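J.: need a 3D model of the following:
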Amino acid sequence: MAPEDLLAAQQQIHDQIADGMPLETIVTTVCALGEQVLPDAVVSVMLHDATTDIRTSSDWSPYAELAECEGFRACWSTPILGREDTLLGTFAVYYHETREPSTRDLKLLHGLNRLLAVAIRLNQEQNESRLLQRGIDASPTGILLVDACQADMPVVYVNRGFERLTGYSRDEALGRNCRFLQGADTSPEARVQLRRALQQQEEACVLLRNYRRDGSAFWNELTVGPVFDDAGVCTHFFGIQHDISRQIDSENQLALASTHDTLTRLLNRAGFENELPAVCSDSAQRGRVVGLLYLDVDGFSPVNDALGRGIGDLLLGQVAKRLTALLPKGGLVARFEADEFVLALPDCAYEQRVDEHAERVLSAMSEPFVVAGHDLHVSASLGATICQSLVDADFSAIQRANLALRHAKESGRNNWQWYGENMQGSREYIELRRDIQLALDTDAFCIHYQPLVNARNGEVRTVEALIRWPGPNGEMISPGRFIPVAESTGQIIVIGRWVLFGACEDIAQFNQRTGRKVAVAVNISPLQFRRPGFVDDVVLALEYSGLEPRLLQLEVTEGVLMRSTDEVMETLQLIRALGVRVVIDDFGTGFSSLSYLRDLPITRLKIDRSFINDMLTSSGSSAIVEGVITMAHRLGLLVVAEGVETQEQRQELVRLNCDLLQGFLFSPAVPLSELKDDYWHG
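T.: Residues are numbered from 1 along each chain as shown. Next up, the predicted model:
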């Protein structure tokens with residue numbers, strides 16, 4: 001072959017490589033050229049070798065018959081190497097007679113080899129590029145690239161995930177700055193953070209309020225970062241979009257539920273207590289005081305019992321609207337529990353204004369309520385007091401209003417009463433405080449146990465210890481009656497210690513007698529938890545009873561965990577070091593901070609019964625329950641639902657993957673010996 005023909009043939013191969021022709025086509029062309037420049041040769045891809053006589057080579061002995069069949073006598077081969085000498089394949093030349101390669105032959109052989117190496121490497125890179133492109137396009141995550149070399153950084157690439165997430169097509173997005181996804185309520189702070197990352201050519205993650213093509217908003221967790229070329233110049237920025245709208249909505253609902261009642265959307269007790277000090281402070285600056293009205297709906301229970309909880313909930317919603325309409329500017333109204341509401345009246349110059357507002361509330365409540373076609377007639381009992389200082393706003397003013405409410409109900413209902421100094425020293429309060437002390441001295445209290453049922457198989461491995469007080473006539477005195485008095489007098493510390501020691505001893509003996517490993521959950525009051533020596537009491541209770549530490553669970557409310565964080569953390573760490581487990585009780589009724597769930601050494605959450613009660617009739621409560629369960633599981637926490645009373649509630653909680661269930665559906669609190677044997681086996 002003439003030199004110019006050889007150059008033309010080599011140029012053809014280069015053109016095929018540059019045009020991205022299939023590798024098979026390029027290899028065939030190279031082999032054909034090899035057979036042209038090496039007459040009588042048969043060219044293929046094989047391992048590097050130079051066998052001058054196949055018949056006498058031991059390496060070819062396994063293939064001697066095949067070589068003989070083809071009439072091959074000599075074989076020259078060389079490896080095809082990629083970058084960093086990685087083996088891509090081999091290039092081989094065969095002859096029908098024995099033959100040694102000349103210098104020219106070797107030069108031609110290696111030249112063709114290099115062409116093949118380039119072709120194979122390019123083909124591999126193209127395959128990898130196509131695979132990467134398919135993977136990026138198939139990703140549900142939005143991915144985009146912007147040109148960092150142009151002033152406005154236009155979009156130069158978006159994947160299908162971007163199109164699905166934003167609703168904008170590729171053609172609509174290309175050439176535009178990403179600002180077209182932002183809106184008026186996109187956080188200025190997030191914009192500044194994003195701009196700083198681009199200016200400093202560093203990676204950053206920001207949360208942006210973005211808008212789709214149809215105008216709907218979504219929360220975009222955007223990760224951006226620079227792309228550098230071989231010279232170290234930033235040529236592009238990549239962006240990775242994650243739609244976390246559902247997560248944000250769940251967190252917002254949980255945060256709202258921590259301070260608001262899910263049924264009426266009013267403040268709950270925690271929210272009211274959080275905001276009351278600010279209202280008192282504002283009024284004090286103007287030389288005024290804040291009036292408090294504690295309201296109970298008279299006749300609500302008969303409505304609820306006769307017409308059902310659904311009608312009762314609708315009635316409470318209308319009560320909330322009437323009270324809100326009566327509220328003065330800057331005032332507060334809250335639903336504390338069931339049919340109890342509290343109003344804060346700011347800027348009261350004298351008691352007469354509170355009197356007037358109480359009369360307006362009574363008048364409004366006396367008007368009939370039309371609920372689902374029913375004309376319902378209820379009334380209200382009110383307790384009134386004045387909140388005069390920030391210290392007063394902490395708790396005592398609310399307690400005084402509640403005592404005044406009790407006095408109004410004792411006075412025949414449908415009236416209001418001022419708190420009087422003699423109420424704290426009322427006969428009932430004094431007698432109840434005395435009776436509590438007598439019960440402690442005579443060991444009149446007892447402990448009942450309510451099972452926590454595995455939602456999946458019905459098995460019981462844990463019981464909750466609940467204090468009970470048998471009255472003189474054999475009926476139990478409600479804990480809701482004597483526990484608040486014990487908390488106000490400090491007797492709750494002695495009661496809590498007695499329950500802790502008694503429950504540990506009961507369960508230790510039960511386990512030893514039955515051979516089981518049942519755990520016990522014990523409620524710890526805020527005063528007891530903060531009391532010096534509390535951890536020592538836990539150690540003594542375990543030592544005296546012999547109960548394994550891992551079988552003791554201490555239930556603490558959210559409010560306890562959110563105060564004096566350093567002290568709380570130290571106490572919890574000491575408890576966990578013992579092997580004792582910590583449970584957050586009544587979750588959702590306090591601050592519900594997501595950060596403390598992450599940081600505190602807790603093992604379980606117990607969803608407050610108010611959410612379980614409403615979950616089948618209130619979409620808000622249902623969403624909160626589902627959000628709490630999902631969030632807790634992602635944090636590695638178990639979830640307990642308390643107050644389960646119906647099969648429908650149980651089925652819904654099982655569907656939501658709740659771990660443990662507790663409530664009257666399974667068993668009330670009873671003596672340990674009366675728990676059915678079936679519970680221990682599921």
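
J.: for the rest of this, base every contact and every neighbour count on C-alpha atoms.
T.: OK.

J.: helices along the stretch 51-200 of the chain, start to end?
T.: 64-70, 103-138, 160-166, 170-173, 188-200 (DSSP state H, counting those that start in this stretch).

J.: pick the most deeply packed of these.
T.: helix 160-166 (a mean of 20; mean count of other Cα atoms under 10 Å).

J.: avg pLDDT for it?
T.: The average pLDDT within helix 160-166 is 89.

J.: swap in stretch 210-223?
T.: For stretch 210-223, the mean pLDDT works out to 90.

J.: check stretch 566-586 too.
T.: Computed over stretch 566-586, the average pLDDT equals 88.

J.: cool, stretch 401-417 as well?
T.: Taken as a whole, stretch 401-417 carries a mean pLDDT of 86.

J.: identify each buried residue in that stretch, please.
T.: With burial defined by 16 or more other Cα atoms under 10 Å, the residues of stretch 401-417 counted as buried are 401-409, 413-417.

J.: can you check stretch 137-153 too?
T.: For stretch 137-153, using 16+ other Cα under 10 Å, the buried residues are 137, 140-148, 153.

J.: mind checking the end-to-end distance for it?
T.: Distance across stretch 137-153, first residue to last, is 22 Å (Cα to Cα, to the nearest Å).

J.: how far is it from where the chain is centred?
T.: Averaging C-alpha positions (Cα atoms, centre = their mean, to the nearest Å) puts stretch 137-153 30 Å from its chain's average.

J.: tell me the one of the buried residues of stretch 401-417 nearest residue 489?
T.: Comparing the buried residues of stretch 401-417 against residue 489 with Cα to Cα picks out residue 403 as the nearest, at 15.0 Å.

J.: how close does that closest one get to residue 200?
T.: 63 Å.

J.: can you check residue 434 too?
T.: The gap separating residue 434 from residue 200 is 71 Å, by Cα to Cα.

J.: which other helices and strands contact the host helix or strand of residue 239?
T.: Using DSSP states H and E, residue 239 falls within strand 234-243. Contacting strand 234-243 under the criterion 3 or more Cα pairs under 8 Å, 6 or more residues apart in numbering; DSSP states H and E are the following elements: strand 142-147, strand 217-228.

J.: dump these to JSON lines, plus distance to residue 660.
T.: Shown next, in JSON lines, are the helices and strands packed on strand 234-243 (distance: least, Cα to Cα, whole Å):
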{"stretch": "strand 142-147", "distance to residue 660": "38"}
{"stretch": "strand 217-228", "distance to residue 660": "33"}
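
J.: quick one: which of the ones you listed is nearest residue 661?
T.: Nearest to residue 661, of all the helices and strands packed on strand 234-243, is strand 217-228, at 34.1 Å by Cα to Cα.

J.: go through that closest one and flag the buried ones.
T.: Those would be 217-227, for strand 217-228 by 16+ other Cα under 10 Å.

J.: partner strands of that strand, parallel or antiparallel?
T.: strand 204-211 (antiparallel), strand 234-243 (antiparallel) (DSSP bridges).

J.: residue 383: which of those is closest?
T.: Nearest of those (Cα to Cα): strand 204-211, 45.8 Å.

J.: export stretch 531-540 to PDB, keeping only CA atoms.
T.: C-alpha atoms of stretch 531-540 as PDB (Å, rounded to 0.1, in the frame of the first residue of the first chain):
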ATOM      1  CA  ARG A 531     -36.200  17.500  93.600                       C
ATOM      2  CA  PRO A 532     -32.600  17.000  94.800                       C
ATOM      3  CA  GLY A 533     -32.000  13.300  95.400                       C
ATOM      4  CA  PHE A 534     -34.500  12.100  92.800                       C
ATOM      5  CA  VAL A 535     -31.900   9.900  91.000                       C
ATOM      6  CA  ASP A 536     -30.900   8.500  94.400                       C
ATOM      7  CA  ASP A 537     -34.500   7.500  95.000                       C
ATOM      8  CA  VAL A 538     -34.500   5.600  91.600                       C
ATOM      9  CA  VAL A 539     -31.300   3.800  92.600                       C
ATOM     10  CA  LEU A 540     -32.700   2.800  96.000                       C
END
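
J.: buried sites along stretch 367-386?
T.: Using 16+ other Cα under 10 Å as the test for burial, stretch 367-386 gives 369, 378-386.

J.: okay, and for the stretch 51-200 of the chain, where does confidence drop off?
T.: Applying pLDDT under 70 to the stretch 51-200 of the chain flags residues 51, 129, 131-133, 135-136, 138.

J.: need phi/psi at residue 601.
T.: phi -80, psi 70 (degrees, to the nearest 10).

J.: and it, what does it touch?
T.: 572-573, 576, 582 (Cα atoms under 8 Å, 6 or more residues apart in numbering).

J.: mind doing that once more with 6 Å?
T.: Not one residue lies near residue 601 by Cα atoms under 6 Å, 6 or more residues apart in numbering.

J.: now residue 74
T.: When contacts are counted by Cα under 6 Å, 6+ apart, residue 74 touches 51-54, 94-95, 98-99.

J.: closest one of these to residue 615?
T.: residue 94 (81.7 Å).

J.: quick one: the closest one and residue 38 touch, right?
T.: No. The pair residue 94 and residue 38 fails to qualify as a contact (Cα atoms under 6 Å) at a distance of 9.8 Å.

J.: alright, that wraps it up for me.
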